[in-house]
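Engineer: Got a sequence here, can you model it:
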Amino acid sequence: MASPSDYFSATRSVCVIVVDDNALIRNAILRTLQPMASAVGATSAEEAIALLGTRRIDVVLTDLDLGEGEDGGRLLERIRETLPRIRRVLMSGRHNLELRVDPPWQLFLPKPMTAEEVRAAVCPERAGRDRPGPDATIAERTTAARSE
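Structural biologist: Predicted structure coming up:
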């Protein structure tokens, strides 16, 4: 389950669930979104589905490979079927997924991606504003988080 540190200010206009079983990547993305969104982390598709019932969500950003249980693609299929208004973003190191016919995601982010790409995927109209310093890839942010 998400820890209290995964939650950011409820006063933000965009509400996001970030789903990744890798805590370092998930937390780096949550920090990236902090200036512009209210974001919560989930470690699995099942946890993300549970969170959908607890608050208004605008965007789900999920990794494809989530360890055990459903993968991110299936999670986004379920969301498309039940809550089609939610923006669905898939991230993966498997770059050939962009070629899939009628994917359940609206945007595909190939890993590694920059912080600016993450912000633009979640909130295109605010991308570039509130940037906390120079852009770095999520991998670079993860490495920096390890050394803190």
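Engineer: Which residue ranges of the chain form helices?
Structural biologist: Taking DSSP state H as the test, the helices found in the chain are 23-33, 45-52, 72-82, 115-122, 138-147.
Engineer: what's the closest of those to Val14?
Structural biologist: Val14 lies closest, by CB to CB, to one member of the helices of the chain: helix 115-122, at 6.3 Å. For the C-beta atoms, the positions are set from N, CA and C on the backbone; glycine is no exception.
Engineer: buried residues in that closest one?
Structural biologist: 115, 117-122 (16 or more other CB atoms under 10 Å).
Engineer: Could you dump these into a markdown table with pLDDT and distance to Glu70 added?
Structural biologist: Shown next, in a markdown table, are those (pLDDT from 0 to 100; distance: CB to CB, whole Å):
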| residue | pLDDT | distance to Glu70 |
| --- | --- | --- |
| Ala115 | 92 | 27 |
| Glu117 | 94 | 25 |
| Val118 | 94 | 22 |
| Arg119 | 93 | 26 |
| Ala120 | 92 | 27 |
| Ala121 | 92 | 21 |
| Val122 | 91 | 22 |
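Engineer: Next, count neighbours for Asn27.
Structural biologist: Using other CB atoms under 10 Å, the number of residues around Asn27 comes to 19.
Engineer: and the most centrally placed residue in the chain, what pLDDT?
Structural biologist: Centroid-nearest residue in the chain, with CA atoms, centre = their mean: Leu61, separated by 2.8 Å. In this model, Leu61 is scored at 98, pLDDT.
Engineer: cool, Ser44 as well?
Structural biologist: Looking at Ser44, its pLDDT is 97.
Engineer: what's the burial count for it?
Structural biologist: Count around Ser44 with other CB under 10 Å applied: 21.
Engineer: quick one, what contacts the closest residue to it other than its chain neighbours?
Structural biologist: Take Ser44 and drop its neighbours on the chain: the residue closest to it by CB to CB, 6 or more residues apart in numbering is Gly69, 5.2 Å away. Listed by CB atoms under 8 Å, 6 or more residues apart in numbering, the contact set of Gly69 reads 44-46.
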